[in-house]
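>>> After the sequence you'll find the predicted model.
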Protein chains: 2
Amino acid sequence: MNSAPAPASTPADSLDDLPSPAQDAAATLAAFEASGSGGQAKNLHGEVLARLRTYIVEGNLADGARVPERQLCELFGVSRTPLREALKVLAAEGMIDLLPNRGARVRALGPDEIREAFDVMGGLEALAGRLACERITEAGFEEIERLHYAMYGFYLRRDLSGYFRCNQAIHQKIVEAAGNATLKATYDSFANRCRRVRYAANLDRQHDRWGEAMREHEAILEALRRRAGSELGDILFQHLRNKSVAALEQKTQDPESAPAAG
Amino acid sequence: MNSAPAPASTPADSLDDLPSPAQDAAATLAAFEASGSGGQAKNLHGEVLARLRTYIVEGNLADGARVPERQLCELFGVSRTPLREALKVLAAEGMIDLLPNRGARVRALGPDEIREAFDVMGGLEALAGRLACERITEAGFEEIERLHYAMYGFYLRRDLSGYFRCNQAIHQKIVEAAGNATLKATYDSFANRCRRVRYAANLDRQHDRWGEAMREHEAILEALRRRAGSELGDILFQHLRNKSVAALEQKTQDPESAPAAG
DNA sequence: AGGCGCCATTTTGCATTCATTTTTTATGGA
DNA sequence: TCCATAAAAAATGAATGCAAAATGGCGCCT
């Protein structure tokens, strides 16, 4: 169930020289990550859907590779019917393509599609920011603030994994603070679709972009503090767009970097 | 295929006293509507999915009603397998709820969910406006301008149906002008989900709201003309929000107005 | 020797069938 | 008469079986 790559150990206990809110970085992050991902696994179809989704998201299937029904059936230990239903849903979510009479292929996100998806995520986050400014409580803001400083701690320690997870947690929290379940569901769907790209393409060797992203996050927190909805929306959209540009630049440098297990 | 209620006749030939671009209102609108809706019907599953979607959107099933597999099977003349696959997809799209072992129910959009869906659509349209300002050509703008004046013509004639369809066409065109297929697909999904509400709730007896909406559209066109992306985004979001407020107000006055066939 | 067409195997799409759960109905007791 | 319990009926969830299309391999023709 833990789809994010697990760090070897928590470096939190040696973070004494950081700003004070960052001390509970690992705790804050762990608390967030524990609360999420309540996947519904009532009937077999739902379970297969969830398992297959993570299976694909985690990169077990190459881009554009065939998705063999038969093999997955015996891998999951189910018949073809529920698996085929899951395939249809994943196709509707845009994670795979369903060629008529020719089976399913994992959708290879080309540069254009990555750009598109990131722009949509940017639009959704902009909306989330706007709504969050309308509805967020002071306590909610403070939680994001804590995550922000925790992220800053990871940034100072050059802990990419922790930074990455905090980053995701902040964006997730903003979306949740919007108080719009429909938005959250849509956003999560896109986040899933982009996960393969996001981790691999996230400022792995572009430390200059890393600092820029950190500054953007400062602006995000600042706008959220002032409840400046429209402005926050602009910043979030631009943030996502910069992220996609960086991702694409790296992708061209590093053509096929399979993000198999981090 | 024509899910919008068809007007009895085209009143275009008697529009001499309107602003000149409005004369070809019907032609402009017809040209737009002819170009749309290329549904993929390769295999049986896809066809059933499309048919079932329109079947539900057009209001043949009451809110919260059971979706009887068996009856639909013989209605569409297929076995349960493809129909069930279609149901799973519709559930993923959020159009129906799938209760385990208890069948499917058409999702009843309560006030909260309507608000949520309209806000998301507003966010998507805001994004579309922003992107459209980056990418739209002069020809594309002029097409929207034509539709706008056509809509104005319908507004002056108090032709609600024509106005409504022009309105939809404009929003659709803005989304298309964004040049982002992913965005368009997501937007269309939400538009489908809201269609039942939108027509019924659209300024049917609220002629004051009608004028307000018309003024907002003036502002939309103006911002688009200046390619003011962020501003256009704000306007579009607010426009959708006002629309949802009006929709909800009317819905409370008119508790269960089934929009069956206009 | 290389390209083209034909046949076998595999895979996909769909219908049918079986098992489990829910819903309805009928019956008995209070 | 009303409620509770239980059996029958219906509907859902999943598996299997069958027809059609595609993929791969082979021989044949040029």
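In hand now; what should we look at?
>>> Run through the residues of the stretch 101-250 of chain A sitting next to chain B.
A:101, A:113, A:116-117, A:119-120, A:122-124, A:126-128, A:130-131, A:180-183, A:185-186, A:230, A:233-234, A:237 (Cβ under 8 Å from any Cβ of the partner chain). C-beta coordinates here come from the backbone N, C-alpha and C atoms, glycine included.
>>> which of those residues are buried?
Buried members of those, scored by 16 or more other Cβ atoms under 10 Å in any protein chain shown, are A:113, A:116-117, A:119-120, A:122-124, A:126-128, A:130-131, A:180, A:182-183, A:186, A:230, A:233-234, A:237.
>>> Show me where chain A has its strands.
A:66-67, A:96-99, A:103-106 (DSSP state E).
>>> can you put these in CSV and add mean neighbour count and mean pLDDT?
CSV is the format used below for the strands of chain A (neighbours: other Cβ atoms under 10 Å in any protein chain shown; pLDDT from 0 to 100):
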stretch, mean neighbour count, mean pLDDT
strand A:66-67, 17, 88
strand A:96-99, 18, 93
strand A:103-106, 19, 92
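>>> Count the neighbours of the closest residue to DNA strand D within chain A for me.
Proximity of chain A to DNA strand D (Cβ to the nearest atom of the strand) peaks at A:Leu44, 2.5 Å away. Residues lying near A:Leu44 (other Cβ atoms under 10 Å in any protein chain shown) number 17.
>>> so who does it touch?
A:Val78, A:Pro82 (Cβ atoms under 8 Å, 6 or more residues apart in numbering or on different chains).
>>> I'd like the distance between it and A:Thr81.
Distance, A:Leu44 to A:Thr81, by Cβ to Cβ, to the nearest Å: 9 Å.
>>> Repeat that for A:Met214.
Counting by Cβ to Cβ, the gap from A:Met214 to A:Thr81 is 49 Å.
>>> For DNA strand C, see how far away A:Cys73 is.
Noted for A:Cys73: a distance of 9 Å to DNA strand C, by Cβ to the nearest atom of the strand, to the nearest Å.
>>> isn't that residue right up against A:Arg80?
Yes: A:Cys73 is within contact range of A:Arg80, at 5.5 Å (criterion: Cβ atoms under 8 Å).
>>> on that earlier part again, same list (the strands of chain A) but as TSV, adding distance to DNA strand C.
What follows is the strands of chain A, written out as TSV (distance: least, Cβ to the nearest atom of the strand, whole Å):
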stretch	distance to DNA strand C
strand A:66-67	6
strand A:96-99	6
strand A:103-106	3
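>>> can you redo those as a markdown table with distance to B:Val57?
Compiled in a markdown table, the strands of chain A are given as follows (distance: least, Cβ to Cβ, whole Å):
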| stretch | distance to B:Val57 |
| --- | --- |
| strand A:66-67 | 30 |
| strand A:96-99 | 22 |
| strand A:103-106 | 27 |
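>>> Tell me which of the ones you listed lies nearest to B:Glu142.
B:Glu142 sits nearest to strand A:96-99 of all the strands of chain A, at 35.4 Å, using Cβ to Cβ.
>>> Given the closest one, what are its sheet partners and their directions?
strand A:103-106 (antiparallel) (DSSP bridges).
>>> Now the partner strand - C-alpha only, CSV.
Once non-C-alpha atoms are left out, strand A:103-106 reads as follows in CSV (Å, rounded to 0.1, in the frame of the first residue of the first chain):
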residue,chain,number,x,y,z
GLY,A,103,-5.6,-5.2,-25.6
ALA,A,104,-4.5,-2.6,-23.2
ARG,A,105,-1.3,-0.6,-23.2
VAL,A,106,0.0,1.6,-20.4
